[in-house]
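**Q** A predicted structure for the sequence below; I have some questions about it.
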Amino acid sequence: MAALSEEVLLVVKRVRQRKQDGTLYLMTERIAWGPEGKDRFTVSHLYADIRCQKISPDGKSKIQLQLVLHTGESTTFHFANESTALKDRDAAKDLLQQLLPKFKKKANKQLEEKNKMLQEDPVLFQLYKDLVVSQVISAEEFWASRLKLSSVEHSLSNNSKQEVGISAAFLADIRPQTDGCNGLKYNLTSDIIESIFKTYPAVKQKYAENVPHNLTEKEFWTRFFQSHYFHRDRINTGQQDIFSECAKQDEKGLKSMVVQGVKNPMVDLLSLEDKTLDEGYGSLTVGPNSSKTVKENSNSAIIKRFNHHSAMVLAAGLRKVDAPSDQASETSSTDGNSRDSDFFQPPIKKVKLQEAIEYEDLQNGSGPKTIALNLKKSDRYSHGPVPLQSHHYSTSQDIINSVNCIQEEISCYKPCLTRVMPSSAASSAITALSPGGLLMQAGTQQAVSQLVPTDVQSELKHLYTAAGELLRHFWSCFPVNTPFLEEKVVKMRSNLERFQSTKLRPFQEKIQREYLSTNLTSHLDEMIQAAYNKFHAWQTRRMARKT
Amino acid sequence: MKLNIEGLLVYFPYDYIYPEQYSYMLELKRTLDAKGHGVLEMPSGTGKTISLLSLIVAYQKAYPLEVTKLIYCSRTVPEIEKVVEELRKLMEFYTKETGEKNNFLALALSSRKNLCIHPEILHANIVVYSYHYLLDPKIADLVSKELAKKSVVVFDEAHNIDNVCIDSMSVNITRRTLDRCQTNVDTLQNTIQRIKETDAAKLREEYRRLVEGLKEANVARETDIYLSNPVLPDEVLQEAIPGSIRTAEHFVGFLKRFLEYLKARLRIHHVVQESSPQFLKDIYEKVCIDRKPLRFCAERLRSLLRTLEIADIADFSPITLISHFATLVSTYSKGFTIIIEPFEDKTPTIANPVLHFSCMDPSIAIKPVFERFQSVVITSGTLSPLDIYPRILDFRPVTMASFTMTLARTCLCPLIVGRGNDQVAMSSKFETREDFAVIRNYGNLLLEMSAIVPDGIVAFFTSYVYMENIVASWYEQGILENIQRNKLIFIETPDAAETSMALEKYQEACENGRGAILLSVARGKVSEGIDFVHHFGRAVIMFGVPYVYTQSRILKARLEYLRDQFQIRENDFLTFDAMRHAAQCVGRAIRGKTDYGLMIFADKRYARADKRGKLPRWIQEHISDGSLNLTIDETVQLSKHFLRQMAQPFRREDQLGLSLLTLEQLQSEEMLEKISQIAQQA
């Protein structure tokens, strides 16, 4: 029945599908259903194809589980075993709940996204046809840089993708209500749970540890709401509470935050006072409050908890923003740049002081604020890129000198009348160089668009975009400092060659046949040649290094 | 630009100037010309510091023989650092303009860690340090006593200077202090015993040196070389050291007796309050200690500790404290009170006796400064009412002026909220402060403001305990949770490190657009040292009138003293004190003309003329009759209107000619006429 290699995780009998009795199987990679008495599956879905599962609400007569696929189709299973239907369904649901996220990888999403991109962007689609369909480069290579680009664009264009922060009042939205019989009812939505997890990672950890092994989800949240942890004014004394550990962890976190101190020296109250009076001097002697009433203790607990809560909410909002920027700096540090940027950041204290004494309106032209230069590699900045050829650079002094020289020469310029051209030759030269003249014909835009038929033009355009794309891939490999890049650069070179032979050559032959100026493709050739040169230079250097 | 201030060329390191800065410099110059003292109030954010520095440096350069040194005192480390930064800017401007290399030496002392080398302070043209270096006799004696007479002393942020003076002269003695003293005395005794066995000559030498030292000090004081020290009274310098404490051993014995006496005094069950003479009488009757040796105590101990070459002076701080107490109590028969409390008022069951030796007269500590230096300038953003400072500090200023902030747009909006929407009066006064309706109305006010004010709101409460109670009750009523829908909440705690973190997070939340509320306490560290510029404070709410805790015996004694000695009525002083703190709190949000903020006084008592009249003029003049006894709704309406107006672009052109001047504009007759009206002489 099932392939031998597949491990069956769960078998549920008496499950109806389309009013037919049958058996439901949950395997490692797919879910399947076969009608009673037949040894084949009529329904089989890979987990990766499933977008989500839905269950019928409690109390409904039919106990059902619905699977919604990415394609939009859905399959409904009806658990028909009267005595254990609910249990069966929940078992299947729980298992699916654990399995689905593992398969809910980006794969499908990416495919969808790629499709969408190709549909939306005709130029891209053309490029795809030119490069991938004609097998110049593989689809993988094509998308490798595209997707990254698109995600960057998305985050830049700031549309709906922006991470939504957490409302500071999310706990208030729970709104306990009395249920009329000596109990409280809390409204908990998945958003709130998400918020709680994001803000209090300790609770999330507890959840992962305890649910569903020790507690059901419901029990977990019930305990949460009963805990001292949730009620900020209660002082944490009990040890039996699973959340007492969270409170302790919070306390620890709070303490470590406090110990770390603040980055901005202007808000550091500890170093505010230049000199506190020696012990025993001064008129105010409110010593350490040794004797606090319970009420006061609970009040200060509330205050502490509020500070902590706000700090956590703030941090949860920032964490998301931090992550990608971290990644970015990591990738940039792998490209051979050392991370000595910290060196060059002006000390924060100085900056803050300058800010504090600045009167923007008293100063002239303080203009828009400039951003401090953030150097990844300082020596590169101070020396600049070292030219490969020995170039002669002129200093500004040189330029000034030469301007002076020229001025002087002009001032004492005397025409040498014996060597002057005849006037007829001069005027013909001027006509030739005027617009429309003999020498001005080549290279003007107008001429090309008029000379070349439109179909050739559009083909040329496609060639340019395709070549540009390939070259972009090629040049992005430099500097070649990882084995992966080495491999890629070699591949890119062969891609270029293939492009030249399968696309460029035929086109060149075509325009030759049509007696058009071969100039049209010379720039393309140049660009490709430049890439070859670079590749060649790199290869010889590599060979030299190897031997 | 280069300014002509009544014939003095002043280099001012900016392209434009505020009219009030010019006016301020005029007054300052008149003070220096008259070689007298001055009291000048000018709102913060109008460039007070740079005006001060520019003028005094120019004065020093023009008349190097008249003013040799500027001693600039400020209160907090960041303030001191800011002054240094501004000074640097000024010096760079000088170098740029004159092309000369700067030969001005400026010195900043901040925190004892990098205490400068003493001789350098004598040569510096400008010294910037904290109040304590001049006002605390223990430090002043080490750092400042040789500063030249022809110095100009500036106390910036001086609105609390009386409290600094009082603190530096007050002593508290607990049982623990005495126990540690006992250890000190034992160590002293052992050390003396050991030295006596090995090096008796050294001890004899010690006494000789003591006498020599005092003689020198006397000569110095008579010839006016040193800043006098209130803990080293004149009598000590002129009289012979009494026989009873002449030798080291006798002195240690004397200390022991004194210590025993103090221990006995702490063994009481009821509160005792007495004057210095009463204390002296009692000590004479009980243990036969005379006034005279007590007076020598501090100097005698200093000499002894020096001779014994004790490495760690800090270990001997308790006995030093006691010796200072002895000298002060026997020197000043007036201006101090002794209160012995057997326990804290809140916890009458736990014995924790404390002897408070409280200074009630701030003029004692500051007297040497006024007497020694030719010009002392007291300045701050909030010094109202101006005339009270000369009274409580006992000096005669030649200039007293309050400057307003010239504004092209009214960037501050003081509103007095007296009622909730239910018409219940809002007030933090004792009878109603626990009132449910008041607390709820306060909560509603904050809630409503949190919905309309962008970015940061700072709220101040009258005391920490009051804030705790209100926060708890807001929590129970769910008000805080509703506020959280609009902004994050951060709260000041008694722990400075915790509060620093909360502050930083608060700023972060304002910075990233989320917006936050900081709940804080008047007279707390935040209210005294942290500025909330621009979006860090678009509104300040002052919940209640921040009266000092009036039940304290020390305060009562001080009020009595003020009444008897300076004819200042208790209520006047309390209101003055409350209003200066309220002004400090609300002033935290406005730090310049491009800044803007709401100032919400949430207590109906602010509407009364006796309260309102004690606010600085630059705040007072913007309180109209229409903003006196508002309800919450009215406040919200006015605030919305104000905020919408302020959100409009504000350019330099809007200010030019009104609140910002070019050199040409400044020089016009008409403008000079206007400027002369900015300063209001008290």
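**A** Cool, the structure landed. Numbering: from 1, shown residues only, chains lettered A, B, ... in the order given.
**Q** Only C-alpha atoms from now on, for both contacts and neighbour counts.
**A** Noted.
**Q** give me the low-pLDDT residue ranges for the stretch 51-200 of chain B?
**A** By pLDDT under 70, the weakly predicted segments of the stretch 51-200 of chain B are B:110-121.
**Q** and it, which residues reach chain A?
**A** B:75-78, B:81-82, B:85-86, B:110-112, B:130, B:132, B:166-173, B:177 (Cα under 8 Å from any Cα of the partner chain).
**Q** which SS class is B:Tyr14?
**A** Put simply, B:Tyr14 is coil when judged by DSSP: H, G, I helix; E, B strand; the rest coil.
**Q** Most proximal residue of chain A with respect to chain B?
**A** Residue of chain A nearest chain B, by Cα to the nearest Cα: A:Gly282 (3.9 Å).
**Q** Excluding chain neighbours, what is closest to that residue?
**A** Distances taken as Cα to Cα, 6 or more residues apart in numbering or on different chains put B:Asp167 closest to A:Gly282, at 3.9 Å, once the chain neighbours are dropped.
**Q** and that neighbour, how many neighbours does it have?
**A** A count of nearby residues for B:Asp167, using other Cα atoms under 10 Å in any protein chain shown, gives 23.
**Q** Please identify the helix or strand for it.
**A** helix B:161-169 (DSSP states H and E).
**Q** Mind exporting the C-alpha coordinates of that helix to PDB?
**A** The C-alpha coordinates for helix B:161-169 follow below in PDB (Å, rounded to 0.1, in the frame of the first residue of the first chain):
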ATOM      1  CA  ILE B 161      22.200  77.200  46.100                       C
ATOM      2  CA  ASP B 162      20.800  77.700  49.600                       C
ATOM      3  CA  ASN B 163      20.300  73.900  49.900                       C
ATOM      4  CA  VAL B 164      23.800  73.200  48.800                       C
ATOM      5  CA  CYS B 165      25.100  75.600  51.400                       C
ATOM      6  CA  ILE B 166      23.100  74.000  54.100                       C
ATOM      7  CA  ASP B 167      24.000  70.500  53.200                       C
ATOM      8  CA  SER B 168      27.700  71.300  53.300                       C
ATOM      9  CA  MET B 169      27.400  72.400  56.800                       C
END
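**Q** Hmm, B:His622 is touching B:Leu415, no?
**A** No: under the criterion of Cα atoms under 8 Å, B:His622 is not in contact with B:Leu415, lying 9.1 Å apart.
**Q** out of those two, which sits in the busier spot?
**A** Higher neighbour count among B:His622 and B:Leu415: B:Leu415, with 26 against 15, using other Cα under 10 Å.
**Q** coming back round to it: off-centre distance for whichever helix or strand comes after the helix holding B:Asp167?
**A** Scanning forward in sequence from helix B:161-169 by DSSP H and E, the next helix or strand is strand B:171-174. The chain centre lies 22 Å from the centre of strand B:171-174; the measure is Cα atoms, centre = their mean, to the nearest Å.
**Q** helices or strands up against strand B:171-174?
**A** The contact analysis (3 or more Cα pairs under 8 Å, 6 or more residues apart in numbering or on different chains; DSSP states H and E) places strand B:171-174 against helix B:317-331, strand B:351-359.
**Q** Thanks again, I'm all set now.
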